[in-house]
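1. Using only what follows, build the 3D model:
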Amino acid sequence: MKFTLAPLVSLVFGASYLIANATAYSYIDYNELDARYQIDEVLSERGFGLEARETIDVPFQPSLRAFLEEAVTAHRRSMSEYENHLEARAMITVHANIPGSNIITLQVPPDMKPPAFKQAIKDSKKAPGFEPDDFVARLGWKTLDDSRSLRDNNVRDGVTTVDFVKKITVNAWVNLRNSNGCKKPKVKVDPDMMLPAFRAVVGKMGFDLNAYEARLVLGPKTGPEGKLDEFKTLRGNGVVEGSSISFQPMIEFPVSIVGREGTVVMKAATDLKVSAFKKLVEGKLGIDLGKYQARGADGKILSTLSTLRAAGVDNGTKVQYTPAV
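-> The predicted structure follows:
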C-alpha cells in the first residue's frame with residue numbers, strides 16, 4: 001500500500017502551530033493581568049503619607065503598552081501635586097532686624113505675606129513693644145509688597161534679613177480751595193516715601209491734591225519758600241516725626257505785559273504774595289519788571305503786600321503788568 005507522508009506532515013505542523021499560538025496568547029493575557037496588578041501594588045506602596053497610600057486610578061487601556069504609558073503619566077502627575085503640597089507646607093528661616101531689639105529669627109511658611117509675618121513677630125514676643133502697623137518691612141531699600149508672599153518678595157530660607165523701619169506720624173494740613181477751611185488729618189508713613197506717594201496717601205482720605213503745592217510748615221524755610229521737592233523722600237525734605245506738611249491750592253491764569261506780545265500762562269499758590277509772584281514771572285520770562293505794576297481783570301492795581309487770593313486772583317483771572325505811573 002502506498003502511503004503519502006506530505007499530507008500527514010502538513011497536518012502535524014498545522015496542529016502544532018495552533019497549539020503554540022493558543023499557549024502564547026494565554027501566557028500574554030496572564031502576564032498582562034499580572035503586570036497590571038504588580039504596577040498597581042507598587043504605586044500603592046509608594047504612597048505619599050498615611051492618607052495618600054492608595055492606588056492611582058488608571059483608565060482601562062486596550063494594550064499593556066498603553067496601560068503602562070498612562071500609569072507613568074498618572075504617577076508623575078501625583079508626584080508633582082505632592083511636591084507642590086510639600087513645598088507649600090515647608091517652613092523657612094527668616095531673620096528680622098527691628099530697631100531697639102536684637103536680630104530675631106522665626107520659622108514661617110514661604111507663602112506667608114508681610115502683614116502676617118509682622119503679626120507673627122508680635123505673637124512670638126521676641127521683640128517687646130513691636131506693633132505691626134508702626135513698621136515698614138524692607139529688603140535693602142526695597143519695601144516688601146504686602147500683596148505678595150515672602151517667597152515672591154525674594155525672601156530666602158536662612159539667608160534673608162528683613163529690615164524694619166519705624167513709621168513717622170505726619171500732620172497733613174489741606175487748605176481747601178475756594179474757602180478758608182483747613183483739614184488736618186494725621187497719617188503714619190514710611191519716612192523714605194517719595195513726596196508723590198505721600199500726596200497719594202493723603203489723597204485717599206478724600207482730597208484731590210493734584211493741583212496743590214506741598215510745603216513744610218515748620219522748618220528752615222516756611223510759606224512758599226518752604227516748598228517741598230517732589231523728587232525727594234520725606235526724610236530728604238527734612239520731614240521728621242510730628243512734622244506738618246501743608247497743601248496749598250494752585251491756580252492757573254494768563255499774564256500779559258504791556259509792550260510785549262502775547263500772554264504766558266502761570267501757575268502759583270493762592271497764598272503767594274503779589275511781590276513774590278512778580279519775581280516768578282521775571283524768572284520765567286527772563287525780564288526785569290521793576291518798574292511795572294500788576295493789575296487785575298478790573299484794571300485795579302494789585303497790592304504787593306496782598307496774596308494772590310486776597311487780591312482776587314483765581315483760575316483764569318487775567319493779570320497784566322503795566323508801567324508804573
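2. mean confidence score for the strand or helix carrying Glu69?
-> Using DSSP states H and E, Glu69 maps to helix 64-89. For helix 64-89, the per-residue pLDDT values average out at 69.
3. Now the element after that helix, going C-ward?
-> As assigned by DSSP H and E, the chain's next helix or strand after helix 64-89 is strand 92-97.
4. Buried residues in that following strand, which are they?
-> Ile92, Val94, Ala96 (16 or more other C-beta atoms under 10 Å). No exception for glycine: its C-beta is placed from N, CA and C like everyone else's.
5. neighbours of Trp78, just the number please.
-> One correction, residue 78 is Ser, not Trp. Other residues lying near Ser78 total 18 when counted by other C-beta atoms under 10 Å.
6. ok, it to Ala71 distance?
-> As judged by C-beta to C-beta, to the nearest Å, Ser78 and Ala71 stand 11 Å apart.
7. Adjacent strands (with direction) for the one helix or strand Val136 maps to?
-> Secondary structure from DSSP H and E places Val136 in strand 135-139. With DSSP bridges as the test, strand 135-139 is paired with strand 142-143 (antiparallel), strand 161-166 (antiparallel).
8. shaky segments in the stretch 201-325 of the chain?
-> Scanning the stretch 201-325 of the chain for pLDDT under 70 picks out 218-225.
9. where exactly do the strands run in this structure?
-> Using DSSP state E, the strands found in the chain span residues 92-97, 104-108, 135-139, 142-143, 161-166, 168-175, 182-183, 186-189, 212-216, 244-257, 263-269, 292-295, 319-323.
10. Mind checking those strands for the one nearest to Pro128?
-> strand 104-108 (10.9 Å; C-beta to C-beta).
11. the domain parsing of this protein - what is it?
-> 5-88, 92-166, 168-249, 251-323 (automatic domain parsing).
12. before we move on, back to that, okay, buried residues for the strand holding Val136 please.
-> Buried residues in strand 135-139 (16+ other C-beta under 10 Å): Phe135, Val136, Ala137, Arg138.
13. Alpha carbons of that strand, as CSV, please.
-> C-alpha atoms of strand 135-139 as CSV (Å, rounded to 0.1, in the frame of the first residue of the first chain):
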residue,chain,number,x,y,z
PHE,A,135,6.8,99.5,60.9
VAL,A,136,7.7,99.1,57.3
ALA,A,137,9.4,95.9,56.1
ARG,A,138,12.2,96.1,53.6
LEU,A,139,14.9,94.2,51.8
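14. Before I go, just wanted to say thanks for your time.
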